[in-house]
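Colleague: Coordinates only, no sequence provided:
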DNA sequence: ATCAACTTACTTACTGGTCAGTAAGTTGAG
DNA sequence: CTCAACTTACTGACCAGTAAGTAAGTTGAT
């Protein structure tokens, strides 16, 4: 989604595969990945509450009890799936770090372009991030950490950009960082509802540009446009 | 949420209370409203898939069968709840129409301020709009209509504003309209996850202002900030 | 005004279905 | 031989919807 590296390190995922331990064979790891891919598909298309272990199991030709053998519980499968997605995104990156200067903004636009070719992944994050605000949702800590981390990342990029442009750091950096993430999320939702009305990458670029320029060169207040 | 008047007029809601018909007594309408309020609470806090009729019924001291007596099915309750929310928002408005000029942008900021005092309502829309993109979700047509209508409304405001400012309508109006709704939605999500980190109204104002100015006075492209 | 005929607003009880998780057994690779 | 990777079979819980009954309210003819 946002090719995030640092995420939820101190999360509650049991993650049995520590260092030593029962030394799983390669076919097992392959199966686990198959299951995680199926989970992305099912949870993305049906949500966590409505997606079932049986559907996930069917996609990889085992029974739902087989899935539980690997992941212990539905909740743990969800959590492992979320970190798995972030990890594979990172693996796809040429450089194994996110650009930290103003290039981050272009990276975000490129991410929007990539996302416009993988509706499934977008749908997982859209559905689950919203679902996570419901009572005691298991993915809530994941998304809390995720947004905190990402806002910090974007804010850092803003600080570098401001210094580069010789501008004193405005008080709007925090708002702008949240807004950039917000507009990307919101556009994804509208794009999922109206794929042919919304141009995800193009619109994201417009919005990010507007917000970046809004930090560097604020422009008139909204109230100035009222009447003449 | 956005104090929307025109919404889903041609929807599939049965809406038994037509003109003549069985003449419901006042206590009944009161009970129906109680149930709808409870549905907002439950569906908002648990989602549609995870919220149950029994929980809703319990809040109004009847059984789940009593709820079904009034609304026929869980799905129909959801649909009636969604239009009910919009209707009561409209009733709260002084004027029974949404400002259609550039005042719309200030109205959106005011809406964000109002929303920051009613997390429950915000949560219903956040959770359900995202959930609606899942397979065959009953609320999907509602949100499709909603976003189409709102984007059109915002685009109209942009056109009025451009004429007022003596600017030829830029090609970015469509992107900006979607972006404004997107940033409001996305900020609501982050605010629900981190109520004390996000200042909903203030941040919404910053973002809307940036996007409006981005239409009127585009400013540098993002790529111009790379290197020096 | 009264009361029978009818309707509305429920309840209780049940059905059929789904689902996560468990326990015990089977199989096949190392 | 052993243990991981399953399966089969089951449990208990939950849930939307239905059916049948009841009590209270409404209506209309007398």
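Modeller: On my side now, so go ahead. Nothing here was measured: the structure is a model prediction, and the numbers come from that model.

Colleague: and after the least confident helix or strand in chain A by mean pLDDT, which helix or strand comes next?
Modeller: Across the helices and strands of chain A, mean pLDDT, DSSP states H and E gives its lowest value to helix A:74-92, namely a mean of 87. Sequence order places helix A:103-115 as the next helix or strand after helix A:74-92, per DSSP states H and E.

Colleague: for the very next helix or strand once past that next one, which positions count as buried?
Modeller: The C-terminal neighbour of helix A:103-115 among helices and strands, as given by DSSP H and E, is helix A:119-131. For helix A:119-131, a neighbour-count test (16 or more other CB atoms under 10 Å in any protein chain shown) marks A:119, A:121-131 as buried. (Each C-beta comes from the backbone N, C-alpha and C, glycine too.)

Colleague: just stretch A:157-175 next, same as before
Modeller: Of the residues in stretch A:157-175, those with enough neighbours to count as buried (16+ other CB under 10 Å) are A:157-158, A:160-162, A:172-175.

Colleague: Go through these and flag which are in helices.
Modeller: Secondary-structure check on these using DSSP state H: residues within helices are A:157-158, A:160-162, A:173-175.

Colleague: Quickly list the domain ranges of chain A.
Modeller: Structurally, chain A divides into domains by automatic domain parsing as follows: A:27-77, A:98-218.

Colleague: Throw those into JSON lines and include distance to residue B:49, thanks.
Modeller: Below are the domains of chain A laid out as JSON lines (distance: least, CB to CB, whole Å):
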{"stretch": "domain A:27-77", "distance to residue B:49": "4"}
{"stretch": "domain A:98-218", "distance to residue B:49": "9"}
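
Colleague: wait, which of the ones you listed is closest to chain B?
Modeller: Relative to chain B, the nearest member of the domains of chain A by CB to the nearest CB is domain A:98-218, separated by 2.6 Å.

Colleague: Figure out how far that closest one is from the centre of its chain.
Modeller: Its chain's average C-alpha position is 9 Å from that of domain A:98-218, according to CA atoms, centre = their mean, to the nearest Å.

Colleague: so how far does that domain reach from one end to the other?
Modeller: Here the two ends of domain A:98-218 are set 27 Å apart, with distance taken as CA to CA, to the nearest Å.

Colleague: what mean pLDDT does that domain have?
Modeller: Summarised as a single mean, pLDDT over domain A:98-218 is 96.

Colleague: Just confirm residue A:165 contacts residue B:224, I think it does.
Modeller: No. Contact criterion CB atoms under 8 Å: residue A:165 and residue B:224 do not qualify, at 10.3 Å.

Colleague: on that earlier part again, tell me if the least confident helix or strand of chain A is near DNA strand C.
Modeller: Yes. Contact check for helix A:74-92 against DNA strand C, using CB under 7 Å from any atom of the strand: residues in range are A:74-75.

Colleague: Can you give me the distance of residue A:72 to DNA strand C?
Modeller: Counting by CB to the nearest atom of the strand, to the nearest Å, the gap between residue A:72 and DNA strand C amounts to 7 Å.

Colleague: Check the gap between that residue and residue A:47 for me.
Modeller: Distance, residue A:72 to residue A:47, using CB to CB, to the nearest Å: 21 Å.

Colleague: ok, the buried residues of stretch A:157-175 vs DNA strand C, which is closest?
Modeller: Distance to DNA strand C, by CB to the nearest atom of the strand, is smallest for residue A:174 among the buried residues of stretch A:157-175, at 38.3 Å.

Colleague: now the closest one, nearest residue through space, not along the chain?
Modeller: If you skip the residues right next to it in sequence, residue A:174 has residue A:155 as its closest partner in space, 6.4 Å away by CB to CB, 6 or more residues apart in numbering or on different chains.

Colleague: Contact partners for that neighbour?
Modeller: Under the criterion of CB atoms under 8 Å, 6 or more residues apart in numbering or on different chains, the contact list for residue A:155 reads A:173-174, A:177.

Colleague: So it: helix, strand or coil?
Modeller: For residue A:155, the secondary-structure state derived from DSSP: H, G, I helix; E, B strand; the rest coil is helix.

Colleague: Now the two most distant members of the buried residues of stretch A:157-175.
Modeller: Spanning the widest gap among the buried residues of stretch A:157-175 are A:160 and A:175, at 17.7 Å by CB to CB.

Colleague: circling back: single out the most deeply packed of the domains of chain A.
Modeller: With neighbours defined by mean count of other CB atoms under 10 Å in any protein chain shown, none of the domains of chain A is more surrounded on average than domain A:98-218, at a mean of 20.

Colleague: Mind putting the buried residues of helix A:119-131 into CSV with distance to residue B:85?
Modeller: What follows is those, written out as CSV (distance: CB to CB, whole Å):
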residue, distance to residue B:85
A:119, 28
A:121, 31
A:122, 27
A:123, 25
A:124, 27
A:125, 26
A:126, 21
A:127, 21
A:128, 24
A:129, 22
A:130, 17
A:131, 19
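
Colleague: For chain A, what lies in contact range of DNA strand C?
Modeller: Counting by CB under 7 Å from any atom of the strand, chain A sits next to DNA strand C at A:25, A:51-54, A:64-65, A:68, A:73-75.

Colleague: mind redoing it with 6 Å?
Modeller: Where proximity means CB under 6 Å from any atom of the strand, the interface of chain A facing DNA strand C comprises A:25, A:52-54, A:64-65, A:68, A:73-75.

Colleague: Farthest-apart pair in these, please.
Modeller: Of all pairs drawn from those, the greatest distance, 27.8 Å, lies between A:25 and A:52 (CB to CB).

Colleague: How about residue A:40: what's its closest non-neighbour residue?
Modeller: In this structure, residue A:40 finds its nearest non-sequential neighbour in residue A:124, 5.5 Å apart by CB to CB, 6+ apart.
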